[in-house]
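> Fold the following and give me the result.
(chains A, B, C and D)
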Number of protein chains: 2
Amino acid sequence: MNKSVGIKDVAAAAGVSVTTVSHVLNDVAYARVGAETRERVQEAAHRLGYGPNRLAQALRTQRSGMIGFISEEIATTPHAGRIILGAEETARARGYRIMIINSTSTSSQDSKESQVADLLDRQVDGILYATMYHRKLAVPRNLAGLPAVLVDSEDISNTVSSVIPDEVRGARSAVQTLIDAGHTRIGMLNNTDDVPATHSRLRAFKETLADAGLPFHEELVQSEHSEVSGGYQAALRLLKPQSRPTAVFCYNDRMAMGAYRAASELGLRIPDELSVVGFDNQELIAENLHPALTTVALPHYEMGAWATENLIDAIEGKTDLALFAAHPTVLECPLVVRDSVAAPAA
Amino acid sequence: MNKSVGIKDVAAAAGVSVTTVSHVLNDVAYARVGAETRERVQEAAHRLGYGPNRLAQALRTQRSGMIGFISEEIATTPHAGRIILGAEETARARGYRIMIINSTSTSSQDSKESQVADLLDRQVDGILYATMYHRKLAVPRNLAGLPAVLVDSEDISNTVSSVIPDEVRGARSAVQTLIDAGHTRIGMLNNTDDVPATHSRLRAFKETLADAGLPFHEELVQSEHSEVSGGYQAALRLLKPQSRPTAVFCYNDRMAMGAYRAASELGLRIPDELSVVGFDNQELIAENLHPALTTVALPHYEMGAWATENLIDAIEGKTDLALFAAHPTVLECPLVVRDSVAAPAA
DNA sequence: CACTGACTTGTTCATTGGTCTCCCACGTCC
DNA sequence: GGACGTGGGAGACCAATGAACAAGTCAGTG
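I've put the predicted structure just below:
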């Protein structure tokens, strides 16, 4: 299209060599350029609307200022969007840009490696690898050894650093808010998938009850697939009149939505006759249920931001990611208080 | 890190010049290379795991194989994710990659221009510009003249080509499905924002009624802000016993969710006593309401894909985008039939 | 006063990893 | 023995960076 202006054009306009332009514009420390010349160059660059060709720059300096971002299932959950946003904003603030590649949780190890290789051919300075939900995984082999951070998942071999949500503390604060409201008979709707969250949220549930001196009743934990329909079914079982709890902690907001429906059908008013807390803070659900759902937020934005910040630090030699690799960094899951929790009926 | 292999290494390994390696690997038509040499080069390249440095390639060929993607509010709606996915998959299939930049609908014209300039400095071959919802906008001035496609919005000056959803036909099919079910008294819950969708969906509503020979009653259109609470309020007004319709067409799924609540409070069973259709197909809502919501899907994935396909065609000189610029391309909004529509009660 | 050394101010040239346009060497054929 | 075909290489080029060096000025010095 329109011949974009290069450093040569600026040099010609300012009547100096390209080197001098480069020195001035990059503010090179050892370069000796007179104040007047310096100004002339800057004026010319500005007047021509010059911006350096980042590709040529990258080729020469061996630093592209690009970060590869491999994300599983970009579009299936709103969560990925928040991770991307956290990464993009952080990267941009530090002068980097994000190159995105969509992956799937089911794609082969080979195809994942070729995605990494692809990014490497394009000379990215580092790689962010985000999964759809928190789990342990085998990272592509060619990821090892280069600046990389896993987001919302852990490397099974602990060679790549990662950042994950603090499931346990998040779940504890959810249960604690029910206890604080005065509930002593609390149920849980759990997931049936064998993922870390299933186990850690249940563990947190038990521990928090124990810490409060409350007994744990096996029959007050009902498990189903983690969808609205699963939550509905599990809630129907849980809310049988004879053994009914006054509050329920749900594995996620979708199951909580199912619990709302079950409660409605059983004529139970939330929060007066049943308190509910969820997990995930899926805004579309949590904000729009009636009453609005108190839930625990997953720090997706923050994980994206943390991962990017530390990746860039590593790229720039300010950090050694290997120090983080042994243990994933855990980020807080804050409780989002809305209107679904009240004191138990008298 | 580990010195990645370059074309020189391959050349040395195969005992030929870099020129020959380049010729072989790029399958240059005019190059004359013997079959045996050709094979030796390929073997060496494969053995060393050689992939060309795309930056160097881009610098020389003036083609980066990268597409800039500016998206408003990446994370606030799940829609953006689907556009990105459509764009990413299409781009990747054609050997391009997506570089993403998040923008906001409120950011200044200047900052939008600098985002474009930024992408240009990084030598993207073209730009995709996606908005959060369908509207007309003034594009950054420096977007004009280069390969670019607007996604889900129209250029106010008609200089940049764009792709948008077929609001009218989508809304018509939503209303038609109610008419087909036997409804003659149909209400609408509309948005109050002055955006194209508000007007075109209302127009489609009126037209479809007229085409079916049904009267239009002013009081059967209730408008509120396009959220769950707005839908609830508007539905309460609409569903007053004396003038109650048997079916309602909602501006979007969030308003439909509000209508569900209103119906529930009024003791109206969906779909037996009230049929509901939404718009947007926000899966989290539409699939999980009970009964599941029949709605109209916005073709976000398809718009992303179409935009990318045509952008690349333009980049590669196969199309002239200027031909499309005069009129936005409209993509079908398919009806997604679920369980919220039935024949009116007798 | 001429020479030296230091300092200032820029420039020259190689380099990054490729692509691409000639160009050359060597046979063969008529 | 010139034209032609075949196989392959030399070197410019893309737009920048950076190490090394050069030209000019000035003060000090013997």
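> Stretch A:128-146 vs chain B: in contact?
Yes. Using Cβ under 8 Å from any Cβ of the partner chain, we find that stretch A:128-146 touches chain B at A:145-146. Quick note: C-beta positions are derived from backbone N, CA and C, even for glycine.
> quick one: buried residues of that stretch?
Buried residues in stretch A:128-146, counting neighbours by 16 or more other Cβ atoms under 10 Å in any protein chain shown, are found at A:128-137, A:139-140, A:142-143, A:146.
> How far off centre is it?
Here the centre of stretch A:128-146 is set off from its chain's centre by 14 Å, with Cα atoms, centre = their mean, to the nearest Å.
> what about that stretch, start to end distance?
With Cα to Cα, to the nearest Å as the measure, stretch A:128-146 spans 11 Å from end to end.
> any idea of the mean pLDDT for that stretch?
If you average the pLDDT over stretch A:128-146, you get 93.
> Excluding sequence neighbours, find me the nearest residue to the residue most central in space within chain A.
The structure's chain A has its C-alpha centroid closest to residue A:300; by Cα atoms, centre = their mean the separation is 2.8 Å. In this structure, residue A:300 finds its nearest non-sequential neighbour in residue A:82, 3.7 Å apart by Cβ to Cβ, 6 or more residues apart in numbering or on different chains.
> what's whatever helix or strand the one you found lives in packed up against?
Residue A:82 is part of helix A:78-93 when elements are defined by DSSP states H and E. Here helix A:78-93 touches strand A:66-72, strand A:97-103, strand A:126-137, strand A:148-155, helix A:300-315, helix B:78-93, strand B:97-103, going by 3 or more Cβ pairs under 8 Å, 6 or more residues apart in numbering or on different chains; DSSP states H and E.
> What's the mean pLDDT across that helix?
Here the mean pLDDT over helix A:78-93 is 94, rounded to a whole number.
> What are the buried residues along it?
Judged by neighbour count (16+ other Cβ under 10 Å), helix A:78-93 contains these buried residues: A:78-92.
> can you check stretch A:23-31 too?
Of the residues in stretch A:23-31, those scored as buried under the neighbour-count criterion (16+ other Cβ under 10 Å) are A:23-25.
> Quickly check: that stretch near DNA strand D or not.
Yes. Using Cβ under 7 Å from any atom of the strand, stretch A:23-31 comes into contact with DNA strand D via A:25-26, A:28, A:30.
> which residues touch the nearest residue to residue A:86 once chain neighbours are set aside?
What sits nearest to residue A:86 in space, not counting adjacent residues and going by Cβ to Cβ, 6+ apart, is residue A:304, at 2.7 Å. Residue A:304 is in contact with A:82-88, A:90, A:128, A:130, A:151, counting by Cβ atoms under 8 Å, 6 or more residues apart in numbering or on different chains.
> Report the separation between residue A:304 and residue B:336.
Look at residue A:304 and residue B:336: by Cβ to Cβ, to the nearest Å, they are 31 Å apart.
> for residue A:96, same thing?
39 Å.
> what about those two, which has more around it?
Residue environment comparison for residue A:96 versus residue B:336 gives the larger neighbour count to residue A:96, 23 against 19, counting by other Cβ atoms under 10 Å in any protein chain shown.
> For the more buried one, what are phi and psi?
phi -100, psi 160 (degrees, to the nearest 10).
> isn't it right up against residue A:63?
No. Residue A:96 sits out of contact with residue A:63 when judged by Cβ atoms under 8 Å, with a separation of 9.9 Å.
> got any residues that touch both of those two?
In terms of Cβ under 8 Å, 6+ apart, residue A:96 and residue A:63 are both contacted by the residues residue A:125.
> Quick check: residues of the stretch 51-200 of chain A near chain B?
Within the stretch 51-200 of chain A, the residues that sit near chain B (Cβ under 8 Å from any Cβ) are A:51-56, A:58-59, A:64, A:66, A:69, A:74-78, A:80-82, A:84-85, A:88-89, A:92, A:97-102, A:117-118, A:120-123, A:145-146.
> Report the buried members of those.
Restricting these to buried positions leaves A:51-56, A:58-59, A:64, A:66, A:69, A:74-78, A:80-82, A:84-85, A:88-89, A:92, A:97-102, A:118, A:120-123, A:146, with burial counted as 16+ other Cβ under 10 Å.
> What about DNA strand D: which of those residues touch it?
Contacts with DNA strand D within those, as defined by Cβ under 7 Å from any atom of the strand: A:52-53, A:56, A:59.
> taking those one by one, which sit in helices?
Under the assignment DSSP state H, those contribute A:56, A:59 to helices.
> just checking, what packs against the helix-or-strand element of chain A with minimal mean pLDDT?
Counting by mean pLDDT, DSSP states H and E, chain A has its least confident helix or strand at helix A:322-325, which shows a mean of 89. Counting by 3+ Cβ pairs under 8 Å, 6+ apart, the packing neighbours recorded for helix A:322-325 are strand A:161-165.
> Which residues does the strand it packs on contact?
With Cβ under 8 Å, 6+ apart as the contact definition, strand A:161-165 has outside contacts at A:134, A:148-155, A:298-299, A:303, A:306-307, A:310, A:321-322, A:324-325, A:328-331, A:333.
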